[in-house]
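**Student:** pasting the structure only:
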């Protein structure tokens, strides 16, 4: 069982990733760290606690970065995730609160206490991880692996024609992580856009007659409606963040190539993830995915 820190900016696909991760025995989520991204960090922390309550799970939550390293914050994607970040489904505050320790210190302390054991799955902006590396560079050699949902290396972006949302939210943090020497695997739009959760599945979730499945059906319905505005007739939504979890559970879901990856930090192409053949080739980029097999695995585990 792999010990995992799951770093989230909890919107709707993060919620699906949390459920998938917590119901998969191959990994053990030892802590959830939160970042701004799909909403302010206060919202994403609250949403993480709300999702845990819906799932009936108890995992410590650590609040983290509230803004990018250098660039001004971008507008939060309320049109995709709702005003509250969870499809306008947050009806009351969670009972539990986040831990007093901050996300950055938690990441540093866990990695130092368990050298070469911790996997970090980061499915939001990479600010927490970048801050941890800047504060304690020695953790670079102590992390077992880092799997991120982010980037659009060989395909177009989803925030700009060039950039994926998580990288665009804090490109300087992404560049810091990619150039740090951390063992990074990129699960980007190159593969996540091939993982379609069909709208028809939501009827099955509602038919289960459980509060948790109704909750996930409601928030995912909001997400799919947003997808339809960008991709008319798509009939579902991509499982971006869950696929990053899936790659840790079963690496055979994807095929990878090794590249030197840089992030564009200025101009029209800010946030673009560029694969270079020169320089040190250390970043694993997922380029192919067995989408149907992954989808079935995800659905089997979700609730």
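**Tutor:** Yep, that arrived. No experiment lies behind these values; they were computed from the predicted model shown.
**Student:** what's around residue 96, how many residues?
**Tutor:** 15 (other CB atoms under 10 Å). For glycine as for every other residue, the C-beta is placed from the backbone atoms N, C-alpha and C.
**Student:** distance of it from residue 60?
**Tutor:** Between residue 96 and residue 60 the distance is 9 Å, computed by CB to CB, to the nearest Å.
**Student:** Could you report the neighbour count for residue 72?
**Tutor:** 6.
**Student:** what about it, which SS state?
**Tutor:** Put simply, residue 72 is coil when judged by DSSP: H, G, I helix; E, B strand; the rest coil.
**Student:** Rounded mean pLDDT for stretch 152-169, please.
**Tutor:** Mean per-residue pLDDT for stretch 152-169: 97.
**Student:** What residues sit buried inside the longest strand seen in the chain?
**Tutor:** Scanning the chain for the strand with the most residues, using DSSP state E, yields strand 254-263. For strand 254-263, burial by neighbour count (16 or more other CB atoms under 10 Å) applies to 254, 256, 259-263.
**Student:** what bits of this protein have low per-residue confidence?
**Tutor:** For the chain, applying pLDDT under 70 flags no range at all.
**Student:** Helices of that one, start to end?
**Tutor:** 12-22, 41-55, 78-81, 103-113, 127-135, 165-169, 171-178, 189-192, 201-207, 211-230, 240-249, 291-301 (DSSP state H).
**Student:** which secondary structure elements does the third one contact?
**Tutor:** In other words, helix 78-81. Judged by 3 or more CB pairs under 8 Å, 6 or more residues apart in numbering; DSSP states H and E, helix 78-81 is in contact with helix 211-230.
**Student:** Report the contact partners of the residue nearest to the spatial centre of the chain.
**Tutor:** Nearest residue to the geometric centre of the chain (CA atoms, centre = their mean): residue 123, 1.5 Å. Residues in contact with residue 123 (CB atoms under 8 Å, 6 or more residues apart in numbering) are 6-9, 13-14, 17, 148-150, 166, 240-241, 244-245.
**Student:** Would you tell me which one of the residues you listed comes nearest to residue 280?
**Tutor:** residue 148 (18.1 Å; CB to CB).
**Student:** I'd like the distance between the closest residue to the closest one other than its chain neighbours and residue 65.
**Tutor:** Closest residue in space to residue 148, ignoring its immediate chain neighbours: residue 122 at 4.6 Å, by CB to CB, 6 or more residues apart in numbering. Counting by CB to CB, the gap from residue 122 to residue 65 is 12 Å.
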